[in-house]
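[1] Mind looking at a prediction? Sequence and model below.
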Amino acid sequence: MPEGHTLHRLAADLNAIFTGTDVRASSPQGRFADSAALIDALAYRTGHAHGKHLFVGFGPPAGTPGGDDFESDHWVHIHLGLIGSLTFTPLALPRGAVRLRLANDDIAADLRGPQVCQLVTTDEMVARMAELGPDPLRADADPERGWRRVHASSKPVAALLMDQRVLSGVGNVYRAEVLFRNRINPFRPGKLLNRRRWREIWSDLLELMPQGMRANRIDTVRPEHTPEAMGRSQRVDDHGGEVYVYRRSGLPCHVCGSMIRTQVLEGRNLFWCGRCQRRG
DNA sequence: CCTCTATGGCGAA
DNA sequence: TCGCCCTAGAGGC
């Protein structure tokens, strides 16, 4: 379930639950056993996200000679990939393939199926963050960095939005939905995209993604297009949110009624409304 | 039991 | 562009 909002939410939840508590680390599945044993001897410091990457910092326990109570030089770099999950459960025996469990006396955070779960140094973390484009969920994000790449590329804007060097944190749901909401033709080449359109995309993500982080799901329909406002039934789908086009191929557009279309673009399913989305 | 799918990204060809 | 990695849930037989 991982686009950027999920990772930022997880970082906030980890900090709320584990900061200042005695956190144990283990790898019930065994594939992260050596690193888990290493951080098990350290204290939980802080977690933060950049795009779809999550970094969880550990340092020497308080009172360690020469140890700094605030700095971390051991970071667990986590990327959930397509199918990974990090879930919080009341302390109990782990179920399924738990790569990493962080637990205090009350609650456990279980990591399953990550694409990346690796111990890195601060320098390595900084290097990985530097490869990422601006993240709408970070206060330091500069949309101009993204625009420069978009403006220089002949790739479709729908492909560019998925490129984590252009923007970080946007995935298949947000890219489809933000293009719909701004009525942009997903096949418009980046170099032909109007600069104003880019600024609209960015400011829309600045609304959508924090909302997604708060709700812990992706909802993109405006008040006038909600099920209640339009008298249609609630969406029933495993991703849970109310959307305009994502996974709605063959269904009528909430705005114009024409059939939502789909096509594989660079290996991912793209969804759009051919009638509403004509701008560039 | 099987197959398919998934909000991702990598490397081989 | 394709295959592959990771895991879980849904649906078919």
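    It's in. Residues are numbered from 1 along each chain as shown, chains lettered A, B, ... in the order given.

[2] From here on, just use CA atoms for contacts and neighbour counts.
    OK.

[3] The residue nearest to residue A:142 when sequence neighbours are not counted: neighbour count?
    The spatial neighbour of residue A:142 that comes closest, neighbours along the chain excluded (C-alpha to C-alpha, 6 or more residues apart in numbering), is residue A:134 at 5.7 Å. The number of residues packed around residue A:134, counting by other C-alpha atoms under 10 Å, is 26.

[4] need the contact list for residue A:134.
    Contact criterion C-alpha atoms under 8 Å, 6 or more residues apart in numbering gives A:141, A:142, A:143, A:145, A:146, A:165, A:166, A:167, A:168 as the residues in contact with residue A:134.

[5] Distance of it relative to DNA strand C?
    As judged by C-alpha to the nearest atom of the strand, to the nearest Å, residue A:134 and DNA strand C stand 23 Å apart.

[6] what residues does the stretch 1-150 of chain A put near DNA strand C?
    A:81-84, A:95-99, A:112-115 (C-alpha under 7 Å from any atom of the strand).

[7] In the lengthiest helix in chain A, which of the residues would be classed as buried?
    The residue-count maximum for a helix in chain A (DSSP state H) belongs to helix A:195-215. If you call a residue buried by 16 or more other C-alpha atoms under 10 Å, then helix A:195-215 has these buried ones: A:197, A:198, A:201, A:202, A:204, A:205, A:208, A:209, A:210, A:211, A:212, A:213.

[8] distance of residue A:64 from residue A:232?
    Separation of residue A:64 from residue A:232 (C-alpha to C-alpha, to the nearest Å): 61 Å.

[9] cool, and residue A:205?
    Spatial separation of residue A:205 from residue A:232 under the definition C-alpha to C-alpha is 26 Å.

[10] Over to residue A:136?
    Counting by C-alpha to C-alpha, the separation of residue A:136 from residue A:232 is 32 Å.

[11] Mind checking which of these two has more residues around it?
    It is residue A:136, of residue A:136 and residue A:232, that has more neighbours when counted by other C-alpha under 10 Å, with 27 against 11.

[12] chain center to the worst-scoring helix or strand of chain A on mean pLDDT: distance?
    When the helices and strands of chain A are compared on mean pLDDT, DSSP states H and E, helix A:227-230 comes out lowest with a mean of 89. Relative to the centre of its chain, helix A:227-230 is centred 28 Å away, using C-alpha atoms, centre = their mean, to the nearest Å.

[13] again, but for stretch A:26-33
    Centre-to-centre, stretch A:26-33 and its host chain are 24 Å apart (C-alpha atoms, centre = their mean).

[14] Equivalent analysis for stretch A:191-210, please.
    For stretch A:191-210, the separation from the chain centroid amounts to 17 Å (computed by C-alpha atoms, centre = their mean).

[15] what are the C-alpha coordinates of it, in CSV please?
    As requested, C-alpha coordinates have been extracted for stretch A:191-210 and formatted as CSV (Å, rounded to 0.1, in the frame of the first residue of the first chain):
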residue,chain,number,x,y,z
LYS,A,191,9.0,19.3,-22.8
LEU,A,192,5.7,20.4,-24.2
LEU,A,193,4.0,20.6,-20.9
ASN,A,194,2.9,24.1,-19.9
ARG,A,195,4.9,25.3,-16.9
ARG,A,196,1.6,26.5,-15.4
ARG,A,197,0.4,22.9,-15.6
TRP,A,198,3.4,21.7,-13.6
ARG,A,199,2.8,24.2,-10.9
GLU,A,200,-0.9,23.1,-10.7
ILE,A,201,0.3,19.5,-10.4
TRP,A,202,2.6,20.4,-7.6
SER,A,203,0.2,22.5,-5.6
ASP,A,204,-2.5,19.8,-6.0
LEU,A,205,-0.1,17.2,-4.6
LEU,A,206,0.6,19.6,-1.7
GLU,A,207,-3.1,19.1,-0.8
LEU,A,208,-3.6,15.5,-1.7
MET,A,209,-0.6,13.9,-0.1
PRO,A,210,-0.8,15.4,3.4
